[in-house]
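Participant: Attaching a predicted model along with its sequence, questions to come.
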Amino acid sequence: MTSPSTAEILDALEAGEPLSVSSAGALIEDPSTGANDRLNALADAERKTAVGDEVSYIVNANVNFTNVCYTDCKYCGFYRRPKDPDAYTHDDDVLRGKFARAREFGVTEICMQGGLTPAISLDRYEEVLRLAREEIPGVHMHAYSPAEIDHIQRKTRLPLEVILKRLKEAGLGSIPGTAAEILVERVKKMISPMRIPVERWCEIIRTAHAVGIPTTSTIMYGHIESPADVAEHMGILRAIQEEAPPDSGGRITEFVPLPFIPYDNEMGAEFDISDVADLDYIFRIHAVGRLFFKDHIKNIQVAWPKIGIAAAKKALSLGVNDMGGTLIEENITRESGGEYGQALTVGQFREAIAAAGRVPVQRSTTYERIPEDDPRYRPPRPGDDAMLGDGASGGEKLLSLGLPSKI
Ligand code: SF4
């Protein structure tokens, strides 16, 4: 049987048929303007049906409690060896200071990930969650990637369910769906041989869902993958979502495509990748994500620190409904050579969304709308720029301002 053309796939989508993995791959592969225009219009219409015209953002802070890591991911410019002069593992005092700064900023979420170091025990992972919630009562802890959960299990040999329940009890609200890179073993082995395999990532995410912990989902693309690999990855995420227990509260809340940043890490040089993926390819992945996940994952997020605010605004017209977070202290993208600064103020988010002709709305981690009369609503405030520090650039290119990409 011959494969359908992209025009036929788009016709079938218009007729309301679901998108198969192979057809998703074909759409991601087709660079022709005619196909892309139709794809974007369909994705935009699907977005409107699924979530309306509001574009959400979250007021959050990124806290990295250690940059010491033995995993050597080739795409990572963040990690340090224990004896490196700029290696750190923060103690309670430093962490309290970071949480206090986040509280002052008015965050509803702390996003927390760190390197994988044997020096940190499960008890310490629990303590840090409790510490954050002591400093910021009610804050949602979005923390500990599947790689960190795997690391904890290898260290403690406790069952995954036990670890996840203990972390939940200590205040873990949700898990970032990072460490997936691309869920195709052949590619994953080439770009991050020390990282957890595909099956292990899936097992941890499924177990988190089973114990009632929501997760996000990501893909890192724009390196050596093919469009079919991207589609295969999406197929795995959709299958996981279909299996999520309906009443546990554990499910994928969003899909976040993350283009590989090739500048300050080994992987760019090893695979001779000198630039971030072509913007049209980036846009097709967002648009196909919207159409592929449909009712399964209704929130498609654009990663503004990776592509800049101008491209993020454009993505709002092709299926995207979420702009991510204010991300005070975003380190991992920045230290891998990200060019677009580390943070946006609430005012900058709202202006960018309104300028794209859409309605800005603050949300919680689990996509609950936070209206202006909710005590958690965080209005723009004078002085927000100053709180963000030198690395903030409003999502414009730092290099164009004469600042270095690695600060
Ligand atoms: S991406 Fe995470 S696990 Fe990999 S080297 Fe960096 S800090 Fe370590």
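Facilitator: All right, it came through fine.

Participant: any idea which element Ile219 lies in?
Facilitator: strand 215-221 (DSSP states H and E).

Participant: and that strand, does that touch the ligand?
Facilitator: No. On the criterion C-beta under 6 Å from any ligand atom, strand 215-221 is out of touch with the ligand, staying 9.8 Å away. Where you see a C-beta, it was placed from the backbone N, CA and C, and this is true even at glycine.

Participant: what angle sits between the next helix or strand along the chain from that strand and strand 215-221?
Facilitator: Next helix or strand after strand 215-221 toward the C-terminus (DSSP H and E): helix 227-243. Angle of helix 227-243 versus strand 215-221, following axes from the mean of the first three to the mean of the last three C-alpha atoms, to 10 degrees, is 170 degrees.

Participant: Could you give me the buried positions within helix 227-243?
Facilitator: Within helix 227-243, the residues scored as buried using 16 or more other C-beta atoms under 10 Å are 227-238, 240-241.

Participant: swap in stretch 308-319?
Facilitator: Neighbour-count burial for stretch 308-319, with 16+ other C-beta under 10 Å as criterion, is recorded at 308-309, 311-319.

Participant: Filter the residues you listed down to just the ones in helices.
Facilitator: The helices, defined by DSSP state H, take in 309, 311-315 from the buried residues of stretch 308-319.

Participant: pLDDT check: weakest of those?
Facilitator: Of all those, Ile309 carries the smallest pLDDT score, 89.

Participant: Thought Ala355 was touching that one, still the case?
Facilitator: No. Using C-beta atoms under 8 Å, Ile309 makes no contact with Ala355, being 9.5 Å away.

Participant: Could I get the contacting residues of Arg80?
Facilitator: Applying C-beta atoms under 8 Å, 6 or more residues apart in numbering to Arg80 gives the contacts 67-69, 86-88, 115.

Participant: Could you identify which of those has the most neighbours?
Facilitator: Each of the contacts of Arg80 was scored by neighbours using other C-beta atoms under 10 Å; the highest score is Gly115's, at 27 neighbours.

Participant: gap between that residue and Pro85?
Facilitator: Remark: distance between Gly115 and Pro85 (C-beta to C-beta, to the nearest Å) = 16 Å.

Participant: The protein against the ligand: which residues are in contact?
Facilitator: So the chain meets the ligand at 69, 71-73, 76, 78-79, 115-116, 147 (C-beta under 6 Å from any ligand atom).

Participant: For those, pick the one with the most neighbours.
Facilitator: When neighbours are taken as other C-beta under 10 Å, the top entry among the residues of the chain next to the ligand is Gly115 (27 neighbours).

Participant: Chain neighbours aside, what residue packs nearest to that residue?
Facilitator: In this structure, Gly115 finds its nearest non-sequential neighbour in Cys69, 2.9 Å apart by C-beta to C-beta, 6 or more residues apart in numbering.

Participant: Quick check, that neighbour in contact with Gly77.
Facilitator: No. Cys69 is not in contact with Gly77 according to C-beta under 8 Å; the separation is 11.6 Å.

Participant: any idea where the strands of the stretch 101-250 of the chain begin and end?
Facilitator: Ranges of strands in the stretch 101-250 of the chain, per DSSP state E, counting those that start in this stretch, are 109-112, 140-143, 172-174, 215-221.

Participant: Using a markdown table, please lay out the buried residues of helix 227-243 together with pLDDT.
Facilitator: Output for these, formatted as a markdown table (pLDDT from 0 to 100):
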| residue | pLDDT |
| --- | --- |
| Pro227 | 98 |
| Ala228 | 98 |
| Asp229 | 98 |
| Val230 | 98 |
| Ala231 | 98 |
| Glu232 | 98 |
| His233 | 98 |
| Met234 | 98 |
| Gly235 | 98 |
| Ile236 | 98 |
| Leu237 | 98 |
| Arg238 | 98 |
| Ile240 | 98 |
| Gln241 | 98 |
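
Participant: tell me which element Gln362 is part of?
Facilitator: Gln362 belongs to strand 359-363 when assigned by DSSP H and E.

Participant: mean confidence score for that strand?
Facilitator: The pLDDT scores in strand 359-363 average 97.

Participant: Run the chain-centre distance for the very next helix or strand once past it.
Facilitator: Counting by DSSP H and E, the next helix or strand C-terminal to strand 359-363 is strand 369-370. With C-alpha atoms, centre = their mean, to the nearest Å as the basis, strand 369-370 stands 20 Å off its chain's centre.

Participant: Quick one: list the elements packing against strand 369-370.
Facilitator: Using 3 or more C-beta pairs under 8 Å, 6 or more residues apart in numbering; DSSP states H and E as the contact criterion, the elements in contact with strand 369-370 are strand 359-363.

Participant: Can you work out which other helices and strands pack against the strand it packs on?
Facilitator: With contacts taken as 3+ C-beta pairs under 8 Å, 6+ apart, strand 359-363 sits against strand 54-58, helix 346-355, strand 369-370.
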